[in-house]
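J.: sequence first, then the predicted structure, then my questions.
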Amino acid sequence: MPEKTEAQAPALERHRQMLSFYLERELYGFEIKYILQVIEPPPFAFVPRAPFFLRGAVNYRGKVIAVIDLGQFMTGKEKPLGPERRVIIIDSPDFNLGFLVDRVERIETIPVYGDMVQQPPESNPYILGVVNLGGRLFNIIDLEKLLKEIENYFS
């Protein structure tokens, strides 16, 4: 977590808008500033010599988007496509990337600092913190760290 305290954080930075989604039975989220679109999974094109977590590539608005199965990347377990699975297309000038997730929920307002934010589990290095949202544990994903790790697989 950042070193700032809640009192030091500007009012606009005390909360962030995040898209919530499920992987298995756990709730996760990315900041919406990183998200371009959420789509139903189209047919995936096979990518030779791809890492185990790359589900395939898709054509999205004239761009080839590599689709990472986020659950498989984080757990190593492959899961078949189902009716609720979605691809979250990342808005990045550096990457043409989408993340396959089990189910997209909604946009959540998440506190960034304070007592509600708990330390992340040591077992998952991509989690910035955990927030209790009315009995639901929400895992905040460090998307920049995740993207750097994925980039290492392709370098």
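T.: Yes, it's here. Numbers count the residues shown, from 1 in each chain.
J.: tell me the SS of Gln72?
T.: Under DSSP: H, G, I helix; E, B strand; the rest coil, Gln72 falls in the helix class.
J.: tally of neighbours for the residue lying closest to it once chain neighbours are set aside?
T.: Leaving aside its chain neighbours, Gln72 sits nearest to Phe53 (4.7 Å; criterion: Cβ to Cβ, 6 or more residues apart in numbering). C-beta: built from backbone N, CA, C; applies to glycine. Residues within reach of Phe53, counting by other Cβ atoms under 10 Å, total 19.
J.: same question, Ile127
T.: The burial count for Ile127: 20, using other Cβ under 10 Å.
J.: what's the answer for the one 10 residues further on, then?
T.: Leu137 is surrounded by 12 other residues when neighbours are defined as other Cβ under 10 Å.
J.: I'd say it and Glu26 touch.
T.: Yes. Using Cβ atoms under 8 Å, Leu137 is in contact with Glu26, at 7.4 Å.
J.: helix or strand right after the helix or strand harbouring Asn59?
T.: Element membership for Asn59 (DSSP states H and E) is strand 54-60. Following strand 54-60 in sequence order, the next helix or strand is strand 63-69 (DSSP H and E).
J.: list the buried residues of the strand holding Asn59.
T.: For strand 54-60, burial by neighbour count (16 or more other Cβ atoms under 10 Å) applies to 54-58, 60.
J.: stretch 90-101 now?
T.: In stretch 90-101, counting by 16+ other Cβ under 10 Å, buried: 90, 97-101.
J.: endpoints of that stretch, how far apart?
T.: 13 Å (Cα to Cα, to the nearest Å).
J.: and the angle from the strand holding Asn59 to strand 63-69?
T.: Angle of strand 54-60 versus strand 63-69, following axes from the mean of the first three to the mean of the last three Cα atoms, to 10 degrees, is 150 degrees.
J.: can I get the CA coordinates of strand 54-60 in CSV?
T.: Extracted C-alpha coordinates of strand 54-60, given in CSV (Å, rounded to 0.1, in the frame of the first residue of the first chain):
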residue,chain,number,x,y,z
LEU,A,54,-2.9,-17.0,-22.8
ARG,A,55,-6.4,-18.1,-23.9
GLY,A,56,-5.9,-16.8,-27.4
ALA,A,57,-6.3,-13.7,-29.5
VAL,A,58,-9.4,-11.8,-30.6
ASN,A,59,-10.1,-9.1,-33.1
TYR,A,60,-11.5,-6.1,-31.3
